[in-house]
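Participant: Sequence and predicted structure below; questions after.
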Amino acid sequence: MAITVPSRVGPPGGATARARRGARRRSSVLGYAMVAPALLLSVVFFVVPMVLLAVMSFYNWPLLGVARPIGIDNYTRAFQDETFFRALGFSALFTVVLVPLSMAVSYAAAVMVRGTGAFVSFVRTAFFMPVVIGFTAAAYMASVMLMSGTGIINVLLRALGLTDGQTAWFTDADRAFWAIVVLTIWKSMGVAMILLMAGMQAVPGEVTDAAKIDGAGWWRREGSIVFPLIRRQFALCLVLALSGTLLVFDQFFVLTKGGPSGATTTAVMYTYSQSFVRYNLGYGAALSLIVTAIILVIALVQLRVLRADRAEEAR
Amino acid sequence: MASPTSRRVIAALAAGLLLSGPLAACSSGSDGSSGSTGSGTSDGGSGGEVTLTVWARDGDNSMEDQLDAFEKAHPGIKVELSLVSNDQYLTKFANSIRAGSVPDLINFDIINAPLLATQGQLMDITEQSRALANFDQLAPAGIEVGTIDDAIYSLPVALTGSQMFWNKALFEAAGLDPETPPTTLAEVKEFAEKIQATGDDVTGFSTIGGTGQAFTGFPSGWADGATLFTEPGPDQVATFADPAMVAMVAWYQDMWSSGLMQVTDEPNQDPGNVGSQNALAGKVGIMFTGANVFAGAEDQFGSAPGIPGHDGTLASFLGGNQAAIPLGSKHPEEAWTLLEWLVSDEEAARINGEAGWIAPDLALAQELAQDEWASNRVGSLAVGELPVSIAYFATINDPNGPWAQNSQAAIFQGADPETSMTQAQEQANQLIRDAYSQLG
């Protein structure tokens, strides 16, 4: 005799199927109702402005005065704008340098904090805490700490005999670049660390134990067992890191204002300057959309690669 | 026992109620004005009473007191003040125009006067202004910057100028007479060298940031007869490569490479305002800056009514606020009453003085000047100038703009001043053309 187990609590007997459909409908209405506020916020504060931005990019749109439609002139101008390409190049350079370093640091930190114990807990919290302060606040902190002569970093370097303590970090493009790379890694490695750590903790202990018994060393275990099993988390961190770093703005805006001589101007800073300093809102809109498109393409490529990996795993 | 579905419904309702509280608070909080401080002066218009909305810049420390005094003197008019952050002022104003709800009076950075007037967003107040009893006593540069094609669109309401200051004690320690300041840039260097020789942690000279920039750099060029722009209009060009301006940049380059300036004078090197602290602590000999840096410590410092050039003349950068009535104001007559009061009334002038500003009526300001310090501040306005261009922000104020980038390359990185300024001029001309093409 077959035992029917109803999938939902509901009226017994022949009414079960109808009750199940009714319950499912109620449940999906409830679902939509709960998502509706977030959806509304998303439409009002994201979708609508994106559409408006796209429209603006086809206009000569001054801050004060009448907007004039000019077709694709803003886009042709963007593709001939050397300063824009230099800014894009700088953002790309920053990303290419920062992301591998940041991922390596996050991975190492995850290895460090994936265990248990009070000390490990403490270290995990300490590494994560910089994440919660904004980049602007962190940048101001950095500018005080790196002030020539009196900033604590310079004082330490002088005490260690490495410099004379007078290094002006933000008046030279290279020094500023590396100072901001370090600042950004310090500030944002916590997120990837936690995600990777969670993935590592999910690796079954028996697998690594078996490998240990078979004589595999630490590096072998890490590279052949742990890393392949956390590839999905790693890919997620990579997607987030790449798109976030290409959009870097706060640190450079606060610390160097894109100088000296525009050497540290990022793509977003250039867009900001076109829109809110030169008041070319239409042109700024076009630049924003171009940057968005670039990031979209990169994200799609990354997700493609991820899906290919998952297909491989499934086989 | 409640079914899981009804438990979910109850939970959803509870969550909704919890969220609606903060959301409602968020939406009812602002009525479009950001950073609004309760001025304590508005209690709504009622029967015959007019309520004016006024916007002023953040950090404007005299407006609230002035508006209180104005309300007392004009019982039928109430004023609602909103303070707006300087960076967002123009953007906010543009948004209010698009929304069709402009304030009755705007009090804004004087440097934006040409842009606002050219865009046709301000009421023409030529007739009323010229009819003012004290029109001829208002700061000339302030009137000029608010005038386009002989029509006046804004008037100066609170002014400040850049000046030269010196530390009297350090002068004495260097064997210099504290009542005899340097009169030329060459003398400034000479005196700075003597002062710096007196001690290890003493610096001869500082501009306390903004080295070679508008506020303290331009006056030395103007004193020697330079200009920065030709007449405002679609044919305007920049004249940054004027020999006297190049000479000013070269002088700063020399001062920097001679080690006579503070480390904090370098761009982006002084987030904590250590430079001005050093000046107040008596570690800097001669300073080009604004009088408000020394508020409360005036007796230790000497002041001159301006900044010297190479040949003994003084000039000053006119800063401060202009006020205007936007087109579309709902109470233009009452707004003019307020504006007239701000530029002519003695009480308004007195409040300006106490807050560290200078009243726009220079004769009145001079009358109210209690001592040499205040008198010199007023005197700096008489030689006060302002570059007039609708592309001022993009060409001069923008830290990545032509003036800032090229002058800093010359002063701090040893680039040739003439080549740098010529390059700056070309870049600026492009920006001016862009700005005029925006107007259509």
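Facilitator: Right, received. Where do you want to start?

Participant: The stretch 1-150 of chain A: strands as residue ranges?
Facilitator: Using DSSP state E, counting those that start in this stretch, the strands assigned to the stretch 1-150 of chain A run over residues A:59-60, A:68-69.

Participant: Residue ranges in the chain under the pLDDT threshold?
Facilitator: No chain was given, so I picked chain A. Under the criterion pLDDT under 70, the flagged ranges of chain A are A:1-14, A:308-315.

Participant: Can you look at chain B instead?
Facilitator: In the prediction, chain B carries residues with pLDDT under 70 at positions B:1-47, B:59-61, B:440.

Participant: cutoff 80 now
Facilitator: Per-residue confidence of chain B (counting by pLDDT under 80) places the weak regions at B:1-48, B:59-62, B:87, B:268-273, B:292, B:295-296, B:354-356, B:437-440.

Participant: Output the longest helix belonging to chain A.
Facilitator: Of all the segments of type helix in chain A, defined by DSSP state H, the longest one is helix A:281-314.

Participant: quick one, helices of the stretch 101-250 of chain B?
Facilitator: Under the criterion DSSP state H, counting those that start in this stretch, helices of the stretch 101-250 of chain B are mapped to B:113-118, B:126-130, B:140-145, B:168-173, B:185-196, B:214-223, B:243-257.

Participant: what's the closest of those to chain A?
Facilitator: Shortest distance between chain A and the helices of the stretch 101-250 of chain B, using Cβ to the nearest Cβ, is found for helix B:113-118: 7.2 Å. In short, each C-beta sits where N, CA and C put it, glycine included.

Participant: For the stretch 1-150 of chain A, what lies in contact range of chain B?
Facilitator: A:9, A:23, A:26-27, A:30, A:33-34, A:37, A:60, A:62-66, A:68, A:140, A:143-144, A:147-150 (Cβ under 8 Å from any Cβ of the partner chain).

Participant: Out of these, which end up buried?
Facilitator: A:Ala23, A:Asn60, A:Pro62, A:Leu63, A:Leu64, A:Gly65, A:Tyr140, A:Ser143, A:Met147, A:Ser148, A:Gly149 (16 or more other Cβ atoms under 10 Å in any protein chain shown).

Participant: then stretch B:202-217 to PDB, C-alphas only?
Facilitator: The C-alpha trace of stretch B:202-217 is given here as PDB (Å, rounded to 0.1, in the frame of the first residue of the first chain):
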ATOM      1  CA  VAL B 202      61.500  78.100  12.000                       C
ATOM      2  CA  THR B 203      60.300  78.600   8.400                       C
ATOM      3  CA  GLY B 204      60.800  81.900   6.600                       C
ATOM      4  CA  PHE B 205      57.700  81.900   4.500                       C
ATOM      5  CA  SER B 206      54.400  80.100   3.900                       C
ATOM      6  CA  THR B 207      51.200  80.500   2.000                       C
ATOM      7  CA  ILE B 208      49.600  77.800   4.200                       C
ATOM      8  CA  GLY B 209      48.500  75.700   1.200                       C
ATOM      9  CA  GLY B 210      47.400  76.700  -2.200                       C
ATOM     10  CA  THR B 211      50.900  77.800  -3.200                       C
ATOM     11  CA  GLY B 212      50.900  79.800  -6.400                       C
ATOM     12  CA  GLN B 213      47.100  79.400  -6.700                       C
ATOM     13  CA  ALA B 214      44.300  81.900  -6.900                       C
ATOM     14  CA  PHE B 215      44.000  83.300  -3.400                       C
ATOM     15  CA  THR B 216      47.600  84.100  -2.700                       C
ATOM     16  CA  GLY B 217      49.400  83.700  -6.000                       C
END
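
Participant: leaving aside the residues next to it on the chain, what's closest to residue 222?
Facilitator: You didn't say which chain, so I picked chain A. Of all residues not flanking A:Glu222 in the chain, A:Val111 sits nearest, at 7.6 Å (Cβ to Cβ, 6 or more residues apart in numbering or on different chains).

Participant: let's do chain B instead
Facilitator: Among residues not flanking B:Trp222 along the chain, B:Ala315 sits closest, at 4.0 Å (Cβ to Cβ, 6+ apart).

Participant: and that neighbour, helix, strand or coil?
Facilitator: Per DSSP: H, G, I helix; E, B strand; the rest coil, the local secondary structure of B:Ala315 is strand.

Participant: what about it, neighbour count?
Facilitator: Using other Cβ atoms under 10 Å in any protein chain shown, B:Ala315 has 24 other residues around it.

Participant: what's the answer for A:Ala263, then?
Facilitator: Here the number of neighbours of A:Ala263 (other Cβ under 10 Å) works out to 16.

Participant: That one: what's it in contact with?
Facilitator: Contact analysis of A:Ala263 by Cβ atoms under 8 Å, 6 or more residues apart in numbering or on different chains lists A:Phe90, A:Ala173.

Participant: quick one, phi psi at it?
Facilitator: Dihedral pair for A:Ala263: phi -70, psi -20, per degrees, to the nearest 10.

Participant: Ok, A:Val226 next?
Facilitator: As for A:Val226, its main-chain torsions (degrees, to the nearest 10) stand at phi -70, psi -50.

Participant: Also the one 5 residues further on?
Facilitator: Phi and psi for A:Arg231, reported as degrees, to the nearest 10, are phi -60, psi -40.

Participant: got it, and B:Val79?
Facilitator: For B:Val79, the backbone dihedrals (degrees, to the nearest 10) come out as phi -130, psi 130.

Participant: count of neighbours near it?
Facilitator: A count of nearby residues for B:Val79, using other Cβ under 10 Å, gives 25.

Participant: Surely it and B:Trp55 touch.
Facilitator: No. If you go by Cβ atoms under 8 Å, B:Val79 and B:Trp55 don't touch, sitting 11.2 Å apart.

Participant: Quick check: neighbours shared by the two?
Facilitator: Between them, B:Val79 and B:Trp55 share no contacting residue under Cβ under 8 Å, 6+ apart.

Participant: The biggest strand by length in chain B to helix B:185-196, inter-axis angle?
Facilitator: Looking only at chain B and at elements set by DSSP state E, the strand with the highest residue count is strand B:155-167. Angle of strand B:155-167 versus helix B:185-196, following axes from the mean of the first three to the mean of the last three Cα atoms, to 10 degrees, is 50 degrees.
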